[in-house]
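Engineer: Provide a 3D model corresponding to the input given below.
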Amino acid sequence: MNSANLTEKVGKRGGFSSFDFFSVLGAILLVVAISVPIVQKKITGNEIKKARVIAEGMADEVLRKHAPLQAPWQKQKGANRSIASLAGGASSMAMPLAEDGSIGRDPWGQPYKFAWIRNAYGIPTHMLVWSAGPNGQFETPRSAISGVERGLVEVGFARDDLGYVRALR
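Structural biologist: Presented below is the predicted three-dimensional model:
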């Protein structure tokens, strides 16, 4: 076929047909449908990494403000003070240990929870800061914390919850 015949056929045809239009549109939609979940997964992964880093920072912040008090046998005569060398550069004006609570917000807008993990003598040994994750529901029960008696605390976070455990020594 020579170029004159081809030009003549295109001219008679008058441009794109409905089939051509919908074929191109379908191909574009297919590419978008494949790429959106990939991009969304990458964004969610970044939010999870960000939430873990923030949880670690929140643990440091709570420890700066609420330094654990000494155990009764470590107290000096007539003193009810916080420990002399505080972790993370905490000030000597730190407040007594707070009750479990919440602090800040995770990337999904929910507050982080924090809890003190105590040994058999009631002395705080670790601090736990965790996020509800993308679904906004705290699904990790307190019973998911193990290893306190060995000093190696592990937390089995449920579903999409995530967090950070920090030793207080």
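
Engineer: could you point out the longest helix in the chain?
Structural biologist: With secondary structure taken from DSSP state H, the chain has its longest helix at helix 18-65.

Engineer: And that one, what does it pack against?
Structural biologist: The contact analysis (3 or more CB pairs under 8 Å, 6 or more residues apart in numbering; DSSP states H and E) places helix 18-65 against strand 101-105, strand 111-118, strand 124-131, strand 162-167. For every residue, glycine as well, the C-beta is placed using N, CA and C.

Engineer: Just name the most buried of these.
Structural biologist: Comparing those by mean neighbour count (mean count of other CB atoms under 10 Å), strand 124-131 comes out on top with a mean of 23.

Engineer: got the angle for that strand vs helix 18-65?
Structural biologist: Counting by axes from the mean of the first three to the mean of the last three CA atoms, to 10 degrees, strand 124-131 points 160 degrees away from the direction of helix 18-65.

Engineer: partners of strand 124-131, with directions?
Structural biologist: On the basis of DSSP bridges, the sheet neighbours of strand 124-131 come out as strand 111-118 (antiparallel), strand 162-167 (antiparallel).

Engineer: Out of those, the one nearest Ala27 is which?
Structural biologist: When these are compared by CB to CB, strand 162-167 sits nearest Ala27, at 38.7 Å.

Engineer: Show me what the closest one is in contact with.
Structural biologist: Outside strand 162-167, the residues that touch it by CB atoms under 8 Å, 6 or more residues apart in numbering are 48, 51-52, 55-56, 58-60, 63, 112, 117, 125-131, 133, 140, 153-155, 157.

Engineer: any low-confidence regions in the protein?
Structural biologist: 1-14, 42-44, 65-98, 147-154, 169 (pLDDT under 70).

Engineer: and with 90 instead?
Structural biologist: In the predicted model of the chain, residues 1-22, 31-169 satisfy pLDDT under 90.

Engineer: Pull out the buried residues from stretch 33-47.
Structural biologist: Within stretch 33-47, the residues that count as buried by 16 or more other CB atoms under 10 Å are Glu47.

Engineer: Touching, Gly101 and Trp116? I think so.
Structural biologist: No: shown here, Gly101 and Trp116 do not form a contact pair, counting by CB atoms under 8 Å, at 10.0 Å.

Engineer: Format the strands paired with strand 124-131 as TSV; extra columns: distance to Ser146.
Structural biologist: Shown next, in TSV, are the strands paired with strand 124-131 (distance: least, CB to CB, whole Å):
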stretch	distance to Ser146
strand 111-118	10
strand 162-167	11
